[in-house]
Structures are given as C-alpha cells and as structure tokens.
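Colleague: What follows is a predicted protein model with its sequence.
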Amino acid sequence: MQKLTELKKMTLEELDHELLRLRRIQLDLRFKKANLDLDKTHVVRNARKNIARIKTIMTQKKVGKM
C-alpha cells in the first residue's frame, strides 16, 4: 500500500484501479479467512481501511477539496 501522500497525487483513474485491486485482494482474503487458511487475520482489517482511505480521497477529489 502506498503512503497517503502518494495516493493524493494519483488521478481518479489511478485511484479507481487501485481500489479495484484492493477489492480483489479483500475478496481473496475473505475466502481464505472462511476456509481457515489465513494466519494473519489483521490483514483483512488493513485492506478494509485502505479501501476506505482511497474512497475518501476519491470523494475529496470529486468535490474539489484537493
């Protein structure tokens, strides 16, 4: 995951691609967790928070605060 300053420099298209990538990772982690194949369950929480960060930045860019 990139730092917040790197995310803020990205365009909306780049953020959208990053969001899609993280959602795929989140889906994969969810399946692993359900099958008890995931040892580090905190990774699921981190993925969810990173998705929220990207969505927040995207909303700020659309509104024009950045």
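Modeller: Nice, I can see it.
Colleague: Spatially central residue for the chain, please.
Modeller: Nearest to the geometric centre of the chain sits residue 51, at 2.8 Å (C-alpha atoms, centre = their mean).
Colleague: surely that one meets residue 23?
Modeller: Yes: with contact defined as C-beta atoms under 8 Å, residue 51 counts as touching residue 23 (6.6 Å). Backbone N, C-alpha and C define where each C-beta goes, glycine included.
Colleague: Is residue 38 part of a helix or strand, or is it coil?
Modeller: coil (DSSP: H, G, I helix; E, B strand; the rest coil).
Colleague: any idea how far residue 63 is from it?
Modeller: Going from residue 38 to residue 63 by C-beta to C-beta, to the nearest Å gives 36 Å.
Colleague: low-confidence ranges in this structure?
Modeller: Residues of the chain meeting the criterion pLDDT under 70: 1, 66.
Colleague: And the helices in it, which stretches?
Modeller: 4-9, 12-34, 42-63 (DSSP state H).
Colleague: sorry, back to before: specify which residue of residue 38 and residue 63 has the higher count of neighbours.
Modeller: residue 38 (16 against 8; other C-beta atoms under 10 Å).
Colleague: Quick check: residue 47 touching residue 26?
Modeller: Yes: between residue 47 and residue 26 a contact is recorded at 4.5 Å, counting by C-beta under 8 Å.
Colleague: who touches the nearest residue to residue 54 once chain neighbours are set aside in this structure?
Modeller: Distances taken as C-beta to C-beta, 6 or more residues apart in numbering place residue 19 nearest to residue 54, at 4.9 Å, with adjacent residues excluded. Contact partners of residue 19, counting by C-beta atoms under 8 Å, 6 or more residues apart in numbering, are 51, 54, 55, 58.
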